[in-house]
Structures are given as structure tokens and as C-alpha cells.
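**Student:** Okay, predicted coordinates and the sequence, questions at the end:
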Amino acid sequence: MTWLRRAVPLRYLTSNRRLQNPPWMTYPAALYSDSTEKKGKVTPLQETRMRDRFTLYARGGEGGSGCSSLRRSRTDRFGKPDGGNGGRGGDVILECTHAVWDFSGLQPHVKGGKAGHGTSKNRIGNRGEDKVLQVPIGTVIHLQEGELPSQIQVGSPKSSDPWDLPGTLVDDPASDENSDVDQDSSVESESEAESVASALHVGTEGETDFEEGQVRYNVAELTEEGQSIIIARGGEGGLGNISATRYLRGTKFAKTSTLRTMEGDYDDDDGNGNSNGQRTSIKCGSLGTESVLILELKSIADVGLVGMPNAGKSTLLGALSRAKPRVGHYAFTTLRPNLGNVNYDDFSVTVADIPGLIKGAHRNRGLGHNFLRHIERTKVLAYVVDLASGLDGCEGVTPWQQLRDLVMELEYHEEGLSDRSSLIVANKIDEDGADERLEELERRVRGVRIFPVCAVLEEGVDELKNGLKMLVNGDGEGSERLKLENISVD
Ligand SMILES: Nc1nc2c(ncn2[C@@H]2O[C@H](COP(=O)(O)OP(=O)(O)OP(=O)(O)O)[C@@H](O)[C@H]2O)c(=O)[nH]1
């Protein structure tokens, strides 16, 4: 090997002097035989893991500094202040959308955009850019550190006023007017927060169950498309010397030169020596608020449709709700859970179409156990079986065997996963021989109600809807469980 080392440029030798592959050399496969790592065939879908819990550090953008500038003219030797205020820092906003399924697209540390500084001619600095993070529907927010989100909105945050001017300070900080304004705005924001809280299913601070010094659980829950919440507010912009002069008028600083103020010689305190802790100088923009959140994707649905590929789950979801999942005559058309809302007069139930499970799913066969986790978070199960499978000498698994395989897959994934209220949807009742199959299924499976359905023609769907409602409410017979010992296969 000595000759080889000499012939190869140094940059291809690592520090421990093991040879790396120079680009022009292709080694025969035999040379690699001692490398024990043999790469298995992994489909890209199996590599994508769902992130349903995420810790997020958010910080609002810094406010821009105010400008101290004097406008002199031939007639005015000393000049007049004309420095504009700094812009307000960008917020960090969570927006709830159907477009994302989990938290895998999020970055753990997010900061709102920094605002621009004020400039002369009383020009205000640019507002910092808001960072809008898209989170999936059903995101629950737990607050680990920092303040409670100060503002909750229903609707796109992009609709917020682009001319959001910086600086909340009014002319005279000592006046009662000022405190009135503050009080009013706080009352307004409180009532606003309360009304939105009810829309968002959030508790007010008193109602949330949290203990001092611990995580504050369920601070908010984003359950509908377009809901958004500010999780870190951008800092206020500093005052330019025009606003600062007005601000200082009537205070103890009135006689101090404005320019000195602008240089930040003293803190922006309330006159009793209590600094507000945010601004070190009225010229400087303040820092944004910070928060550490734990985001969690909660139970995605009340009902989980579980079945083998091609059983007709997506078609059924479309028949039950207004959802339009993709339907295909081939297996694994559904690649991620689809959600739909089944509406009743006074009630609505969320149904999730979980991608098809096959025997060995718990060992990551098919689409793997990635989606089995979603079943964990559904309240009740609807096992969808294909009555026509294996009929007329075609290949396929009998409905009772399908049920057995499904229950076993759930149990292999997590013990007790199948131990929840369930019903069976016997789909494709329109096919030849399906009636006899249904009779046999009823003989072989005990303890759980069976609903014959033709999802394509939407037959039997109303009865199924009633059955699901009972199951979700836990009424009467609605708490049946499908047990392995109640399925006879032989
Ligand atoms: N005859 C008949 N065919 C149906 C019925 N319901 C669904 N199908 C057909 O069955 C095939 C599979 O339907 P899907 O709804 O995609 O099945 P799936 O269970 O969601 O399939 P995966 O996405 O693989 O999990 C499609 O060709 C449907 O048209 C039914 O009630 N009767």
C-alpha cells in the first residue's frame, strides 16, 4: 500500500492516514466486502417519521432604534428634531392549516424579523417581518416558559394592518389619559381573548390547569383552518427625537437636553425608580418577548377507519363527510390520514381515514407503523372490511381473516390498542356473493355491531352514521369491543 499512499495526493488521506476514495479510482466490489453495513431497501415513505411533539423556542423580533437627527436651515441654526421612530419587531405566529400534517417542517428556534431603524425627515423604520409557522389542525400548545400568548386571532394573520405603526407611548406618560388608554386596551384585549378563547376551546389563565413553575398545559388548541395565535411579540420601536421631545414634555426630564436623552443617558423609568425592564433608553427599540412552547398533536379524530388496503375506507369517508380523499382501485392510495367531519343536527364527529394496514404493519411492512400511532389517538374504531375480497376464486383475504389480522396488528403495535369501542363496516355489499359473505361474517364475529354498507352508492351510510354517533357518545350498545377470541376464522 506504500506505493499507493505516495501516488495519492495528501488531501485524499485523512488525519489517521486511512485512504479515502479518490474520484478517479473505482475499486472492485471485493474491496468493500469487509464493510458489514448492507443497506436494506427502504421506501422513502417509511423514512418519513411523523413529528407529533415538538419543543419550540420563539422570540419576537427586536424593535428598531429611533433616530436622533436635527434639521437645520439657514434661518434655524440649532435645528429642529426630525428623527423618526424605530419600527416594531416581527411577531412569531402559529397558523393552523390543513396543508401540514405534523411538525416536521418546523425549526426549533424561531425569531421574528428585526425592525428597521428610524431615519431623518421623521421616517419610521420598517416593521420587522412576522414569522408565520404552519401547524396542523389539532395542535395543542403547552407553555413551558415565558408569557402567555398575548393575542389570539381567528383568521389569517396576514390580514393584519401592514401600517402597524411603532411606538405605543403617548405624548405624556404621566397623564391619566395614558393610563386610561392602557386600561381600556387591556380590558378590550381581555374580552377579545376570552371570546376567541371560547372559539378556540382554550381556557383563560385561571381555567388552565397549571402549577407554578411547571409547564402550563393546554394553553390553547388550534382546531380549525385559519386559526392563528401570536406566540412571541415583536419589540416596540425606539422613539426618534421628534416623539421623544413630545414624550418628555412635562416630565422631570423636560429640562434635560433632548439630545442627551437620545444618547440613552437614563432609563425609561416611571419616576419612582421602577424601570420597566424593557427599554434601557427611549431611543432603543425593545426586545421581543420570548416563550418556550411544547406543541403536541392531539387526538386527530373521534373515529378511526381501520382496514386493509382497498377496503374502501377513503370512499367511505367521502360518503360520510364532505371530505374528498383520493380513491383508487390499487392498494395504498391513501398515503397519509385524511380527516372528515360527520355532521349531525347538534353534534359533529371527526373521522380519520388511516392508510391501509397489512399483516406485518407493526414490523413496518406496507406503510409501516407510522400511522398506527394515529389510531392511538382516536376515540373509537370502525373496522372496514371488504366483503368481496377473495370471492369468485379471486385472490384476497376473507373479511373475518381481515378483522383478525387488523386486531393483531394493533395489538402487536401496542397492547390494548384495539381495546376501545368499535364497530364493523362491511363494505362492498353491492358485489355478487356479498350477502352470503355478510351472513357468514355475522356468524363468525360476535360482540360488535356490523353495518353493511355500499360506500360507492352511499347505501347504509345513514345507519352507520347513527352507529358512529352512539359509539362516540358511549350510549347503550355503543361500547362494544372487538376481541380476538370473538372472531372465528376456521
Ligand atoms: N363495488 C364497490 N367498490 C367499492 C366500494 N367502496 C369502494 N370501492 C372501490 O374500492 C377501491 C378502493 O377504494 P378506496 O376507497 O381507495 O380504498 P382504501 O381502503 O381507502 O384504500 P387504501 O388507500 O389503499 O387504504 C376503489 O376502486 C373504489 O371504487 C363499494 O361499496 N362497492
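**Tutor:** Ah, there it is.
**Student:** ok, how many other residues are close to the nearest residue to residue 288 once chain neighbours are set aside?
**Tutor:** Nearest residue to residue 288 in three dimensions, chain neighbours excluded: residue 60, at 2.1 Å (Cβ to Cβ, 6 or more residues apart in numbering). The way it works is simple: take the backbone N, C-alpha and C, and place the C-beta from them, glycine included. By other Cβ atoms under 10 Å, 30 other residues sit near residue 60.
**Student:** Then residue 144?
**Tutor:** Applying other Cβ under 10 Å, we find 14 other residues in the vicinity of residue 144.
**Student:** I'd say residue 121 and residue 81 touch.
**Tutor:** No. Contact criterion Cβ atoms under 8 Å: residue 121 and residue 81 do not qualify, at 11.2 Å.
**Student:** what sits in contact with each of these two?
**Tutor:** Residues touching both residue 121 and residue 81 (Cβ atoms under 8 Å, 6 or more residues apart in numbering): residue 71.
**Student:** With neighbour numbers in mind, choose between the two.
**Tutor:** More crowded of residue 121 and residue 81, by other Cβ under 10 Å: residue 81, with 21 against 11.
**Student:** how far away is residue 244 from residue 288?
**Tutor:** Separation of residue 244 from residue 288 (Cβ to Cβ, to the nearest Å): 22 Å.
**Student:** Then residue 54?
**Tutor:** Computed with Cβ to Cβ, the distance linking residue 54 and residue 288 is 20 Å.
**Student:** Quick check on residue 294: phi, psi?
**Tutor:** Per-residue torsions, residue 294: phi -110, psi 120 (degrees, to the nearest 10).
**Student:** give me every residue that touches it.
**Tutor:** The contact partners of residue 294, by Cβ under 8 Å, 6+ apart, come to 53, 54, 55, 56, 141, 142, 143, 144, 215.
**Student:** hmm, try it at 7 Å
**Tutor:** Contact partners of residue 294, counting by Cβ atoms under 7 Å, 6 or more residues apart in numbering, are 55, 142, 144, 215.
**Student:** which intervals of the stretch 51-200 of the chain have sub-threshold pLDDT?
**Tutor:** 148-200 (pLDDT under 70).
**Student:** if we go to 80?
**Tutor:** Low-confidence segments of the stretch 51-200 of the chain, defined by pLDDT under 80: 51-53, 101-102, 138, 147-200.
**Student:** Do a quick rundown of the strands in it.
**Tutor:** All strands of the stretch 51-200 of the chain, identified by DSSP state E, counting those that start in this stretch, fall at 53-59, 70-71, 80-81, 92-97, 109-111, 131-136, 139-146, 151-154.
**Student:** can you give me the helices in the stretch 51-200 of the chain?
**Tutor:** 176-200 (DSSP state H, counting those that start in this stretch).
**Student:** Can you name the residue of it nearest to the ligand?
**Tutor:** The stretch 51-200 of the chain approaches the ligand most closely through residue 101 (15.7 Å), counting by Cβ to the nearest ligand atom.
**Student:** Am I right that that residue is in contact with residue 134?
**Tutor:** No. With contacts counted by Cβ atoms under 7 Å, residue 101 stays clear of residue 134, the gap being 10.3 Å.
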